[in-house]
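# Sequence and predicted structure below; questions after.
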4 protein chains.
Amino acid sequence: MRQLREKDTSKYNKIIDEVGKIILTEGISSVSMSKIAKATGISSSTIYVYFTDKDDVLKKVYLENKKNLADYLAKQIDSTITDDLQYIRSYMEAVYAFGQENFEALMIIDQFNHSPILMQLNISVVESYAGFEMLFERVDRAPAGIFKAVEPIILLTFGYTPIVMYLQAIKLEQIDPKSTTINQIIDMSIKAIT
Amino acid sequence: MRQLREKDTSKYNKIIDEVGKIILTEGISSVSMSKIAKATGISSSTIYVYFTDKDDVLKKVYLENKKNLADYLAKQIDSTITDDLQYIRSYMEAVYAFGQENFEALMIIDQFNHSPILMQLNISVVESYAGFEMLFERVDRAPAGIFKAVEPIILLTFGYTPIVMYLQAIKLEQIDPKSTTINQIIDMSIKAIT
Amino acid sequence: MRQLREKDTSKYNKIIDEVGKIILTEGISSVSMSKIAKATGISSSTIYVYFTDKDDVLKKVYLENKKNLADYLAKQIDSTITDDLQYIRSYMEAVYAFGQENFEALMIIDQFNHSPILMQLNISVVESYAGFEMLFERVDRAPAGIFKAVEPIILLTFGYTPIVMYLQAIKLEQIDPKSTTINQIIDMSIKAIT
Amino acid sequence: MRQLREKDTSKYNKIIDEVGKIILTEGISSVSMSKIAKATGISSSTIYVYFTDKDDVLKKVYLENKKNLADYLAKQIDSTITDDLQYIRSYMEAVYAFGQENFEALMIIDQFNHSPILMQLNISVVESYAGFEMLFERVDRAPAGIFKAVEPIILLTFGYTPIVMYLQAIKLEQIDPKSTTINQIIDMSIKAIT
DNA sequence: AATGAATGAGCCTTCATTCAT
DNA sequence: GATGAATGAAGGCTCATTCAT
């Protein structure tokens, strides 16, 4: 329903976008229907035309941003790569590339992932892993001996989280991307997993 | 002022503890003065005898839990270890041990670390790094060639976050600690860093 | 927007009126949003549909009552009178007449004028002198020799305040309007000024 | 118990003074026990040692300031003056002199006089007229023909209020005391009354 | 005499949501 | 489809006052 970087005209997209901005500047818990109304210029009662309630708004914001990430990864990653290691490397590079273009989306996803609100939002496991299915499958099918652990969560721990933390650290200027490059980070991650 | 696992008698400690429980079950943003009052049996106005305002309550909850972690690490880790690698390994083991005994404290800290609330609580950098200073110094002073990166944030990314995520995964039964042991995780982390 | 003595139907007017009553019986400082809610039968949150906050309520109450006075004076006083003394006399008579019909409004205005609350309500000088501009101009333009002092505040001291105090004294039965008539008061005032 | 301009040492006087300051800067309604505690450095529970409750504090503040005025007038005015007009004139001068030295006291009294709080404080008529008894008696006993009206309230209207308003206008720089002198004001008042 | 601790009641304001239009 | 109006519930916080020490 919503394309990345497309100019949104519909009220639905306007709401999704503005809530994202509020989350980034004030946090998920600061989101209120009246704030959304003010930020979008849409009456707060009108929001209920597009969403059933506040939780639905938050849930959709989370899922739309995850979908953006998943779509990006699907488009970016060459699934014909046969070398498993190379595949994983290109996965991490894709996450990094996405984060450079859509840092906000990554931060929004991150905030949800670490918030207990996520649990109240009734999000299925399938939805929460959207965009990573292929990675998990690939690692799962790989011949024994290559990967140390194949549990999805471990893969995320060493293959996804470091990329996100690296992007954050650069943004906060805790790290200089020239002295500590993304390739170094990816190398470290690869070494950990294999 | 507050000892780990000691039975709290004072109202101050009672409040700190109950707020921690609320955070774990409902999230930081769900903490309200009236909820604290109900959970502790203390009148909400009395809370203001011990804390200046709600932010002060949250800040103290964060710092007390961090202090518990810092104290535990300081006590647990043998600072006479000369082997840098061995030192880091014992650091990670200590974090894991703490998490086994005080899983809640670790989760509370984690929730704060990923919440934008943290920024508005006016917590100094020194306070936020409490418990990790020695680790950072050690790595910083280590002879060149041993560690790939010495930035604190990288150390946390590969040396602290995986332990926390591992503990979480076990709790959520996403991982079986018998098939994927803590030692495996630590090995992976060590390989990444060195 | 609001007409004198008209039967109010809108919630806005209902609030303005009831707050006026509360002020008269309990004082400005006793006005609370919940008291307004109870007195009007309007939910306290609904008050915020019509007013931005409590200060806005008080400010509007003051200005509406001043407007009533100003409108009354403008309508009552014959501005074609050429004799300056006669003009002032008719001014005082008009204030007295207003006070007889709208004693409450005069008392509300008086309470605001003597309250430090007035200062924090951000009321412009123009607004605070509403209804008296013509009087001030008239005296200012009068040929020298007629009036002793032309400062607005002096005019109010001897031309407005005595009327208000007289009306109050009658209400409190400190004075018998038959033995001490309004004309006597006006005569005294006129003698003072000229 | 309390002398004018004497340096207060006792807690009672300290409280009376600080409450006066709060009233002048924030208004009577802003006075709170905790504010008094903070301003005086005295615990709020200790205030109850010297006063029965908050109303008692306010009442005493009012009466102490009125007493100061009454004492000053009694001391300043030469009761041996036989000329009634001259006596009244010296009365007004005394009020003016008091206002110059104790402007704050006059303003505190004025704020109470125009506040409905005064009615709740159970202040007897005798107390409220303290300091003016002699004036009233004098005018009452004066031979017919000299004064137009002898009601106390009229005397205050033309003989006391103008002085207070004049002092206020000077303070607010609405009037230049050199171009409009106190003698002019007194002359105007005298002309009104006689 | 003096006060730290405690609290129920109340303060102003914002909340998510509903509903008639 | 869109919204202005309305509200009960809850938010954080301050209040005057009491009481044990």
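The structure has been received and is ready for your questions.

# The closest residue to A:Asp78 other than its chain neighbours: how many residues sit nearby?
Nearest non-adjacent residue to A:Asp78, counting by Cβ to Cβ, 6 or more residues apart in numbering or on different chains: A:Ser90, 6.6 Å away. (C-beta placed from N, C-alpha, C; glycine too.) A:Ser90: 19 surrounding residues under other Cβ atoms under 10 Å in any protein chain shown.

# Check A:Glu127 too.
When counting by other Cβ under 10 Å, one arrives at 14 neighbours for A:Glu127.

# touching chain B at all, the helix ranked longest in chain A?
Residue-count comparison of every helix in chain A, with assignments taken from DSSP state H, identifies helix A:54-76 as the longest. No. Judged by Cβ under 8 Å from any Cβ of the partner chain, helix A:54-76 makes no contact with chain B; its nearest approach is 11.4 Å.

# Check which helices and strands that helix sits against.
In this structure, helix A:54-76 packs against helix A:11-26, helix A:33-40, helix A:84-101, helix A:103-113, helix A:117-120, helix A:125-128, with contacts taken as 3 or more Cβ pairs under 8 Å, 6 or more residues apart in numbering or on different chains; DSSP states H and E.

# let's see it at 6 Å
Helices and strands touching helix A:54-76, by 3 or more Cβ pairs under 6 Å, 6 or more residues apart in numbering or on different chains; DSSP states H and E, are helix A:11-26, helix A:84-101, helix A:103-113.

# Can you list the buried residues in the shortest one?
If I follow you right, that is helix A:103-113. The neighbour-count criterion (16 or more other Cβ atoms under 10 Å in any protein chain shown) identifies A:103, A:105-112 as the buried residues of helix A:103-113.

# The helix-or-strand element of chain A with minimal mean pLDDT near chain B anywhere?
For chain A, using mean pLDDT, DSSP states H and E, the weakest element among its helices and strands is helix A:125-128, scoring a mean of 80. No. Legend: contact between helix A:125-128 and chain B by Cβ under 6 Å from any Cβ of the partner chain is lacking; minimum distance shown is 9.9 Å.

# Nearest residue to A:Leu135 in space, ignoring adjacent ones along the chain?
Going by Cβ to Cβ, 6+ apart, A:Leu135 has A:Tyr91 as its nearest residue, at 5.5 Å.

# Now for the residue in chain A that chain B sits nearest to: which residues touch it?
When you check chain A against chain B by Cβ to the nearest Cβ, the closest residue turns out to be A:Ser29, at 2.8 Å. With contact taken as Cβ atoms under 6 Å, 6 or more residues apart in numbering or on different chains, A:Ser29 is in contact with B:Ser29.

# tell me the secondary structure for it?
The assignment at A:Ser29 comes out as helix when based on DSSP: H, G, I helix; E, B strand; the rest coil.

# Outline the domain layout of chain A.
The record, using automatic domain parsing to delimit domains, assigns chain A the ranges A:7-51, A:66-193.

# now check the shortest one, is it near DNA strand E?
Yes. Using Cβ under 7 Å from any atom of the strand, domain A:7-51 reaches DNA strand E at A:31-35, A:44-45, A:48.

# By neighbours, which of the residues you listed wins?
Sorting those by how many neighbours each has (other Cβ under 10 Å) puts A:Val31 first, at 21 neighbours.

# In space, what's closest to it - neighbours in sequence excluded?
For A:Val31, ignoring the flanking residues on the chain, the nearest one in space by Cβ to Cβ, 6+ apart is A:Ile22 at 5.3 Å.
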